[in-house]
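Undergrad: Sequence first, predicted coordinates after that:
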Amino acid sequence: MTQRSGFVALIGEPNAGKSTLTNRMVGAKVSIVTHKVQTTRARIRGVAIEGDAQIVFVDTPGLFKPRRRLDRAMVAAAWGGAADADIVVLLIEAHRGITEGVEAILEQLPAVARGRKVALAINKIDRVEAPALLALTKDMNERFDFAETFMISAEKGHGVDHLKKWLASELPEGHWLYPEDQIADLPMRMIAAEMTREKLTLRLHQELPYQLTVETENWEERKDGSARIDQMIYVARDGHKGIILGKKGETIKAISKAAREELEEFLGRRVHLFLQVKVRENWLDEAERYSEMGLDFKDGNA
Ligand SMILES: Nc1nc2c(ncn2[C@@H]2O[C@H](COP(=O)(O)OP(=O)(O)OP(=O)(O)O)[C@@H](O)[C@H]2O)c(=O)[nH]1
């Protein structure tokens, strides 16, 4: 059997349904879905298996008009995800049509698409009638040469299998990127990291959480039925480390406690959670990589 594998980047405006779609294709809750916009800060990956193919989804942060420096970095990170991918899927909302944000993405799509297929997925088809959907499909395809157009409802599951099968068939031949036995606990590790990230977001100063990522580095099942989970919190600047730790480590203790309690409830057993904070200065490097591609983000130039 020939194996296939590769990365699929989901791009689209905030709230387009990227997390919902990733979750549905992966079959596990890998990223937190909320009604608030711009919830996905990190590039969370989910791994799906479809026949002989392993599809690694890069769930990029929402693409939106960058206003501040940090916003621009996030946009750059989103495009960075697309640049690494074998296939790009642009997700738009059926009932909203070609918004200003979609226009902005379309403008930059040719540069990102270079050398790779771009598919269009029109999501939330449960919210529109067929004629409007066909008109939107036509409009979008006049603006960009999409390899394929899919009409889906990520929430209800319509059309998702079709899209998944197409992605699998388009991925390059190659060995699977993740060993099969690791995939099972990959989503669990991500969920655990998301829980800690959520507690950090709730607890910390407004701006800070956007600049951090949490990774589950180790997960050990203990003989007594409990789990030991080690996580690393990566921040962009040294100063942020102190904020997260807090006076005498009080802040991180409170965050750790809240995350541990949620994990215990989720897993239905005892958890020993160990958190560490590390500075990862190249957090903003993605933006530089973006300008290397000959594209630049300036204020109001999304
Ligand atoms: N009606 C309908 N709602 C959907 C569908 N797919 C997603 N949604 C809803 O749209 C909202 C946004 O979905 P998310 O998956 O969080 O969107 P996202 O693109 O990941 O958002 P960010 O993380 O902010 O970039 C949620 O309230 C979903 O329940 C769909 O097919 N139909």
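TA: On my side now, so go ahead.

Undergrad: Now do the helices in the stretch 151-300 of the chain.
TA: 160-170, 180-183, 186-203, 238-245, 250-267, 285-292 (DSSP state H, counting those that start in this stretch).

Undergrad: can I get those helices in a markdown table with distance to the ligand?
TA: Any C-beta I mention is one placed from the backbone N, CA and C, and that applies to glycine too. As requested, the helices of the stretch 151-300 of the chain are exported to a markdown table (distance: least, Cβ to the nearest ligand atom, whole Å):
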| stretch | distance to the ligand |
| --- | --- |
| helix 160-170 | 9 |
| helix 180-183 | 21 |
| helix 186-203 | 12 |
| helix 238-245 | 22 |
| helix 250-267 | 19 |
| helix 285-292 | 16 |
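
Undergrad: Kindly compare burial across the ones you listed and name the winner.
TA: Burial of the helices of the stretch 151-300 of the chain is given as mean neighbour count (mean count of other Cβ atoms under 10 Å); helix 186-203 ranks first at a mean of 20.

Undergrad: Next, the angle helix 250-267 makes with that one.
TA: Interaxial angle of helix 186-203 relative to helix 250-267 (axes from the mean of the first three to the mean of the last three Cα atoms, to 10 degrees): 140 degrees.

Undergrad: tell me the angle of helix 186-203 relative to helix 238-245?
TA: Going by the same axes, to 10 degrees, helix 186-203 makes 90 degrees with helix 238-245.

Undergrad: Now do the strands in the chain.
TA: For the chain, the strands defined by DSSP state E occupy 4-12, 44-50, 53-59, 87-93, 117-123, 148-151, 213-221, 227-235, 271-279.

Undergrad: could you dump the ones you listed to CSV with mean neighbour count, mean pLDDT and distance to the ligand?
TA: CSV is the format used below for those (neighbours: other Cβ atoms under 10 Å; pLDDT from 0 to 100; distance: least, Cβ to the nearest ligand atom, whole Å):
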stretch, mean neighbour count, mean pLDDT, distance to the ligand
strand 4-12, 24, 86, 6
strand 44-50, 21, 71, 9
strand 53-59, 24, 79, 7
strand 87-93, 24, 94, 7
strand 117-123, 22, 97, 5
strand 148-151, 18, 98, 10
strand 213-221, 15, 84, 14
strand 227-235, 20, 91, 19
strand 271-279, 15, 94, 24
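
Undergrad: Pipe these into a markdown table and attach distance to Pro110 per row.
TA: Putting the strands of the chain into a markdown table (distance: least, Cβ to Cβ, whole Å) gives the following:
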| stretch | distance to Pro110 |
| --- | --- |
| strand 4-12 | 14 |
| strand 44-50 | 26 |
| strand 53-59 | 20 |
| strand 87-93 | 11 |
| strand 117-123 | 9 |
| strand 148-151 | 17 |
| strand 213-221 | 30 |
| strand 227-235 | 33 |
| strand 271-279 | 36 |
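
Undergrad: So which of these is nearest Val26?
TA: With Cβ to Cβ, the closest approach to Val26 among the strands of the chain belongs to strand 44-50: 3.5 Å.

Undergrad: re the thing from before, pick out the shakiest of the helices of the stretch 151-300 of the chain, pLDDT-wise.
TA: Of all the helices of the stretch 151-300 of the chain, mean pLDDT reaches its minimum on helix 285-292 (a mean of 42).
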